[in-house]
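In: The following comprises the amino acid sequence and a computationally predicted model.
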Amino acid sequence: MKRRNILLAAVILPAVMAFSQQYGGMWIPTELNEKEMKDLGMKISAKDIFDPAKPSIKDAVVQFNGGCTAEIISPQGLLLTNHHCGYGQIQKHSSVGNDYLTDGFWAKNMNGELPNPGVTVDFIADIKEVTGAVLAGTQKLDGKNAEDLIKKNIERVRAGFKLEPWQKVVVKPVYYGNKYYAYVIETYKDIRLVGAPPSSIGKFGSDTDNWVWPRHTGDFSMFRIYADKNNKPAEYSKDNVPYKPKYFLPVSIKDKQENDFTFIFGFPGRTTEYLPAIAVEKIMTDIDPAMIGVREVALKTLNDKMRADDETRIKYASKYASVANYWKKWIGEVEGLKKSDAVGKKKSYEKMLIAKNPQIKPTIDRLNALYAEQAPYALNRAYYSEVSRNAETLSLANQYINFIQSYEGGKMTDDVMTAFKNRLAGFYENYSGELDAKVTAELLALYAEKTPEKFLPANFSQLKDVQKNIDMVENWSKQSVITGRGSLNGATVTSDINKVFANPQVLIANLKNDPLLQWAGAMRNSYLTTTETKYNELQNEIDALQKTFMAQQMSTDKDRQFFPDANSTLRVAYGQVKGSNPRDAVYYGYQTHLDGVIEKYVPGDYEFDVPAKLVNLYNAKDYGVYKDKTGSVPVNFTATNHTTGGNSGSPALDAHGNLIGLNFDRQWEGTMSDINFDPRFSRNIMVDTKYILFIVDKYADAKWLLNEMKIVK
Ligand code: ARG
Ligand code: GLU
């Protein structure tokens, strides 16, 4: 019955959707399915995409500051990434007088570009599979011994690379340790901000539209890579010169059609596509709902205050956005897992595997038993980590507890102390102790309510009553040094942190008497002793079995083309420009337009305001070459590319390898693609290059940037 569903799903896929794409795919660029990509419409070759010996598209794709992706779009190292990826840098250069977040920023020429010490971009010079050398001699060894030898082997493999002084090698496992790959990386360190639209374009729709299609966000910003006189990486210096890339992407402003071939080239962070059914079920029924529940409480209280008070709104804007981002994603993920019957599909897949290879049965049975045994610990772990992250008082308390431990253990050097104080000072800049007391009180009540007695410290159940908690925590918080509300030596951590830390012994004595630290410490101790040890012990066994299960899936299911789970390494995902049918009688087109921005426009709104100049361009229909066949300017579009977090800022390319879009999000109904890609609902969302160039040209008047690019009409 279920087995028929799988077959049926494969049959009802659009005829053009290749069979192997039913599971999505984030492919290692040296192992592309060239034939299938060509069948789907690709006109270039796999070597054009990745060639370690000759300039290829990979030379234009970088990992941006360790998280996002960016791409080079001019012979002078001009870099394109998302607005939300450059957000921190745009924020750092902003002040009340020069509010680049609100107003946008555009350098007038190269001299006006703004340096960002600490920001890096990584190029991948080469990729080599090194499984044989890494696993050599480990076959007969078990657990710890095998691990030790693998570590030694990896060092040998790394030492075997002939590197330039500016290169390094990183070796990473894939398929849960069944294979290993080495990456030769070149890191550039002088990255300057060139331009960013105002948030009312770059973050248009904010949290309401986040993860949502139809979408109308101009989520892009521009940077430039600088190099030394020899075009090699160098620390920031005003004498550095624009980097001359081996390759840069031509930018296409041709109209798009549904079903056009497209691919995404970037650094997806983490997926888990090969888990057993039981693991997916636990995520869907236990883990995600627990994390959603905690964040829901925190977000509601934060939001009420942020709407009522402007100062709080600004202080908490960035924190709120990041808490809300995954809260919303997990809600979509749970719905998508249910709707795509992920557990049912996985269960029948396991049956099919066992029918072909009976050795898989003991693996699955043992995994089922382990996940069942781990479930209560995993649930507590989810609650504990989300509560201690979102109740800022607890996370502060934990940091101060670490400080006490390291001071009393004699490990507190001056440098560590200074770093700790600096980190705290930065934190307190965007913090409200009073608001936090309320959130913390609510989350402590939730934790007391949701956690079985055996995982709680003594007397913790007295924290179950929200109203009582609010009064009690507020009382503690008011007098506490760690919230910045209580003073010591006549100072608070917000007025003069150095004075508070002047005599560490006095501070520590005070902290030890603080009920907030006492509760946080008790909570942490009972978590560590009752949950974490047991959780890790079971997880180690699960990890070892998952490696076996992965190998068994690959050796048994010969029809399937496997790709490794995302691990922040360079990958290619390919598919087609496509709309979708996410619910009964609901059809989404593949493309949005400027008209839709104006439809959503709410003057003065914090999410849906539109800058006057953009409204004027719309009213005057001053679209130049950037309108499409509809007469309006295309803004965002969707495709079937398999992407995840980290793919933000990735180039979307066409059949010829020209840039047609900038990846920045996924459609809510398909976000379970991290666990179970479903071609019916999983769509990535990109900014159209026509919108990007329209904003640079007509809105920002930054024609000097267009002149650098190679524009394909
Ligand atoms: N959902 C996108 C991603 O996961 C965009 C997040 C930034 N935007 C926001 N409104 N929080 O990164
Ligand atoms: N916005 C995500 C990022 O920052 C990409 C969206 C996704 O998860 O697919 O990487």
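Out: Here it is on my side, so go on. Ligands and ions are numbered 1, 2, ... in the order given.

In: For Gly88, see how far away the nearest residue to Glu532 once chain neighbours are set aside is.
Out: Residue nearest to Glu532 in three dimensions, not counting chain neighbours: Arg381, with 7.1 Å by CB to CB, 6 or more residues apart in numbering. To be clear about C-beta, it is placed using only N, CA and C from the backbone, and glycine gets the same treatment. Plainly put, Arg381 is 29 Å away from Gly88 if you go by CB to CB, to the nearest Å.

In: For these two, work out which one has more neighbours and name it.
Out: Between Arg381 and Gly88, Arg381 has the larger neighbour count (other CB atoms under 10 Å), namely 21 against 13.

In: Any idea how far stretch 231-243 is from the middle of the chain?
Out: Offset of stretch 231-243 from its chain centre (CA atoms, centre = their mean, to the nearest Å): 29 Å.

In: ok now do the closest residue to ligand 2 within the stretch 301-450 of the chain, which residues does it touch?
Out: For the stretch 301-450 of the chain and ligand 2, the shortest gap (CB to the nearest ligand atom) falls at Lys329, measuring 7.0 Å. Counting by CB atoms under 8 Å, 6 or more residues apart in numbering, Lys329 touches 211, 671.

In: Check the spacing between it and ligand 1 real quick.
Out: 7 Å (CB to the nearest ligand atom, to the nearest Å).

In: Mind listing what's buried along the host helix or strand of that residue?
Out: Assigned by DSSP states H and E, Lys329 belongs to helix 310-339. For helix 310-339, a neighbour-count test (16 or more other CB atoms under 10 Å) marks 312-313, 315-317, 320, 323-337, 339 as buried.

In: How about stretch 607-625?
Out: Residues of stretch 607-625 classed as buried by neighbour count (16+ other CB under 10 Å): 607-608, 610-611, 614, 617-618, 623.

In: Just name the lowest-scoring one in those residues, pLDDT-wise.
Out: Across the buried residues of stretch 607-625, the bottom pLDDT score, 92, is held by Glu607.

In: confidence score at the nearest residue to that one once chain neighbours are set aside?
Out: In this structure, Glu607 finds its nearest non-sequential neighbour in Ser206, 3.9 Å apart by CB to CB, 6+ apart. Looking at Ser206, its pLDDT is 93.

In: ok, then the element right after the strand or helix carrying Ala445?
Out: According to DSSP H and E, Ala445 maps onto helix 433-450. Next in sequence after helix 433-450, counting helices and strands by DSSP H and E, comes helix 466-479.

In: Just the CA coordinates for the helix or strand encompassing Trp704, please, in PDB.
Out: Trp704 belongs to helix 703-708 when assigned by DSSP H and E. Provided in PDB are the C-alpha atoms of helix 703-708 (Å, rounded to 0.1, in the frame of the first residue of the first chain):
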ATOM      1  CA  LYS A 703      25.600  53.200 -12.700                       C
ATOM      2  CA  TRP A 704      29.300  52.900 -12.100                       C
ATOM      3  CA  LEU A 705      28.700  49.400 -10.700                       C
ATOM      4  CA  LEU A 706      26.600  48.400 -13.800                       C
ATOM      5  CA  ASN A 707      29.500  49.500 -16.000                       C
ATOM      6  CA  GLU A 708      31.700  46.900 -14.300                       C
END
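
In: Okay, buried residues for it please.
Out: Under 16+ other CB under 10 Å, the buried positions of helix 703-708 are Leu705.

In: helix or strand right after that helix?
Out: Defined by DSSP H and E, the subsequent element after helix 703-708 is strand 711-712.

In: Quick check, the residue in the stretch 151-300 of the chain closest to ligand 1?
Out: For the stretch 151-300 of the chain, CB to the nearest ligand atom, closest residue to ligand 1: Asn210, 3.8 Å.

In: do the same with the stretch 401-550 of the chain
Out: Asn430 (15.9 Å).

In: Backbone dihedrals for that residue, please?
Out: Main-chain dihedrals, Asn430, degrees, to the nearest 10: phi -120, psi 60.
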